[in-house]
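>>> A predicted structure for the sequence below; I have some questions about it.
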Amino acid sequence: MRSIRSQLRIGRNAAVLTALLLCSSILTGSCMFIPALLSAMDTKSSGKGLDSLPNSDYGSGEITGQDAQTALREIDFLMFESNVASDTLSLHLSVKDPASLGIDVPDVTLGEVSTEENEKITSDYQNCLDELLRIDYDSLTREDQVTFDVLRYDLEEGVALSPYYYYSSSFNSITGIQTELPLVMSEYTFASRSDVEDYLLLLKDFYRYYGEMMDFEKIRSEKGLAPTDENINKIIDSCRSFMEDQDTHFLVTSFAERLADVPDLTDAEKSDFIARNQEMLDKYVFPSYQLLIDGFTSLLGTGKNDGGLKNFKDGDKYYELLLQADTSSDASVDEIKSMIENEINSEISSIQAVNYDAAFEDAYNSYDFSKGSVKENLDFCKDLIGKDFPTLPEHTVTLREVPSQLGEYFSPAAYLSCRVDDPKNNIILTNPTALDGYNNLLETIAHEGYPGHLYEGVYHSAHITSLYQRTASFTGYSEGWAEYAAAYVMARSGYDQELVGYVSDENQIFNMLFPSRIDIGVNYDGWTREDVYQYLEGYNLDMKDYADYCYDMATEIPGYYLPYCVGHIETANIIENAASEYKGTADLEEIHEAYLDIGPAPFQIIKNYIGTYIEDIAKAA
């Protein structure tokens with residue numbers, strides 16, 4: 001159970017993957033994935049949002065003084081432990097030494113899919129919320145008040161989302177668990193023989209786990225929530241791609257490579273492990289993908305809704321909660337619409353102001369924003385940010401390539417989050433397939449590396465004491481910071497800024513803003529494909545292929561682009577407003593420090609605290 005929102009929405013259940021794998025572009029959506037405990041909860045929607053939940057007031061004051069802080073820490077650890085210890089893969093990827101943190105190591109498993117488990121989880125959330133609200137808020141330090149606010153927000157959100165459990169799926173053609181799970185397994189590190197044994201048991205668990213997930217998909221189908229045949233076929237195609245080249249499969253080759261990290265392993269032991277790995281793949285993993293192919297094939301023809309969530313009962317109510325969860329924003333859907341429309345109009349005006357003459361056209365048609373190799377771009381970004389960003393503790397970065405079998409289904413790059421107790425070791429994955437002919441590598445590496453996801457993760461490891469905040473999924477916050485980080489680098493990249501601005505505005509409009517607005521139209525307002533055509537025609541755009549792409553994305557993965565879009569707007573606005581308000585009293589480095597010191601959180605919490613954090617940092621300087 002990687003995070004509350006992940007646990008209660010099967011579509012984001014691969015919480016560890018989504019929280020551990022922070023990506024640009026198409027997984028860029030994050031980007032955070034592990035199979036959390038999947039289950040099925042058949043309850044009727046109350047239609048209540050976060051603000052209408054019971055116990056919405058701050059702590060009653062029963063637990064005061066030092067006891068208040070102690071109680072908060074206990075709840076924070078409980079929520080952290082439930083995030084990372086519900087399955088073996090989450091725990092291994094999130095924590096290097098569970099015993100040192102007092103975490104009980106569970107039996108080896110990818111997670112459980114059951115109605116009973118889901119009902120227990122929802123009950124546990126409500127119990128934690130009740131206990132949290134017994135704490136006297138005024139007895140807490142400011143940092144602990146932030147933690148209290150974050151926990152309260154997430155617990156209420158989890159309870160509110162629980163009736164909509166069947167409305168989303170872990171399977172899709174872009175961020176689906178069938179693609180991300182094996183990729184993360186290929187990054188499973190071996191520091192001991194026991195790590196290898198646990199890994200082999202996880203491979204053995206694939207067939208059971210995917211079988212239970214297919215049972216869940218069949219229940220969704222019975223409830224009229226199955227995907228369309230087009231989307232089912234995309235999932236089937238990705239499963240078939242995974243099964244190609246089995247003799248040289250990346251789960252074969254990467255396993256042998258990782259064995260080199262196990263100390264004092266004899267040649268005989270290596271050979272035995274390699275043979276057992278092959279056995280697990282042949283008996284359980286590859287057959288589990290055939291099970292998915294057969295299972296989804298049996299669902300063809302059962303998906304009756306080729307439109308958005310609006311067409312399902314209470315689908316618009318679920319979408320409201322989905323946006324709050326994914327964007328880290330408490331803005332209403334109508335407010336987000338206005339936010340996006342204003343940004344579209346602003347960036348169109350900027351584009352129209354450019355003198356698009358022959359020279360500019362030549363520059364536009366030939367631009368390549370890159371400083372060379374991936375490492376050279378990463379080094380450039382790291383050197384560039386020294387003036388305006390706080391110094392990071394010592395750490396390392398390893399660059400790895402995505403296996404070729406997954407190239408078609410993976411983003412250009414992704415940051416694999418560091419362990420909570422081992423922030424020194426960080427990994428950035430790059431996708432040679434997606435980067436072939438790619439002309440904006442610098443921006444992508446800034447998003448994933450410095451001062452984007454990698455920087456954020458390493459900084460928080462040294463400055464945020466709440467273990468829950470550091471491991472929970474706040475996609476809007478994280479992607480908003482990474483988008484802001486990329487824009488910062490590009491503004492200081494040394495490239496012609498009129499060209500950089502034009503390319504950025506164009507990318508924002510077509511790769512984020514229009515898709516996000518169309519997503520809301522399709523899933524909240526009930527737009528048809530024809531409505532999308534007409535919406536774009538209102539901007540004098542006759543682009544039916546593009547309109548079809550946006551419509552198909554909105555129906556396959558509702559809300560996919562919104563964390564990037566809303567996160568970027570909210571983050572930029574908060575930092576720009578702070579720079580204006582505190583001009584002359586706080587510099588940009590101090591504002592960045594204050595923003596990051598609050599930690600991963602919904603934006604309304606950031607807004608509540610940013611002023612006092614800046615003032616304290618400026619006074620201490």
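Right, received. Where do you want to start? Numbers count the residues shown, from 1 in each chain.
>>> Would you map out the domains in the protein?
4-167, 177-226+229-299, 319-353+497-563 (automatic domain parsing).
>>> in the stretch 251-400 of the chain, which spans are helices?
267-280, 286-299, 315-327, 333-352, 358-366, 374-384 (DSSP state H, counting those that start in this stretch).
>>> For residue 226, which of those helices is the nearest?
Closest of the helices of the stretch 251-400 of the chain to residue 226 is helix 286-299, at 5.4 Å (criterion: CB to CB). (Glycine included, C-beta is placed from N, CA and C.)
>>> now the angle from the closest one to helix 267-280?
10 degrees (axes from the mean of the first three to the mean of the last three CA atoms, to 10 degrees).
>>> How far does helix 286-299 sit from its chain's centre?
Helix 286-299 sits 26 Å away from the centroid of its parent chain (CA atoms, centre = their mean, to the nearest Å).
>>> If you tally nearby residues, what's the number for residue 97?
By other CB atoms under 10 Å, 10 other residues sit near residue 97.
>>> correct me, but residue 195 touches residue 201?
No - in this structure residue 195 lies outside contact range of residue 201 using CB atoms under 8 Å: 10.9 Å.
>>> so what does whatever helix or strand residue 161 lives in touch, helix or strand wise?
Assessed by DSSP states H and E, residue 161 sits inside helix 142-161. Counting contacts by 3 or more CB pairs under 8 Å, 6 or more residues apart in numbering; DSSP states H and E, helix 142-161 is packed against helix 4-8, helix 65-84, helix 115-132, helix 315-327, helix 467-471, helix 603-620.
>>> of all the helices of the stretch 251-400 of the chain, which lies closest to residue 531?
The nearest among the helices of the stretch 251-400 of the chain, by CB to CB, is helix 333-352 at 14.3 Å.
>>> Which other helices and strands does that closest one contact?
Short answer (3+ CB pairs under 8 Å, 6+ apart): helix 333-352 packs on helix 315-327, helix 497-508, helix 514-523, helix 562-581.
>>> Select, out of the ones you listed, the one closest to residue 548.
Residue 548 lies closest to helix 514-523 among the helices and strands packed on helix 333-352, at 10.7 Å (CB to CB).
>>> Which is the succeeding secondary structure element to the closest one?
helix 529-537.
>>> Just name the most buried of the helices of the stretch 251-400 of the chain.
helix 315-327 (a mean of 24; mean count of other CB atoms under 10 Å).
>>> Show me what it is packed against.
Using 3+ CB pairs under 8 Å, 6+ apart, helix 315-327 sits against helix 142-161, helix 333-352, helix 475-491, helix 514-523, helix 562-581.
>>> distance between it and the chain's centre?
Its chain's C-alpha centre and that of helix 315-327 lie 16 Å apart, by CA atoms, centre = their mean.
>>> Show me the contact partners of it.
With contacts defined as CB atoms under 8 Å, 6 or more residues apart in numbering, helix 315-327 is touched by 5, 9, 45, 47, 49-50, 157, 160-161, 164, 167-168, 308-310, 312, 329-330, 332-333, 336, 475-476, 520, 523-524, 558-559, 562-563, 566-567, 570.
>>> Drop anything exposed from those residues.
Listed as buried from those are 5, 9, 45, 49-50, 157, 160-161, 164, 167-168, 308-310, 312, 329-330, 336, 475-476, 520, 523-524, 558-559, 562-563, 566-567, 570; burial here means 16 or more other CB atoms under 10 Å.
>>> in stretch 435-452, what's buried?
435, 438, 440-452.
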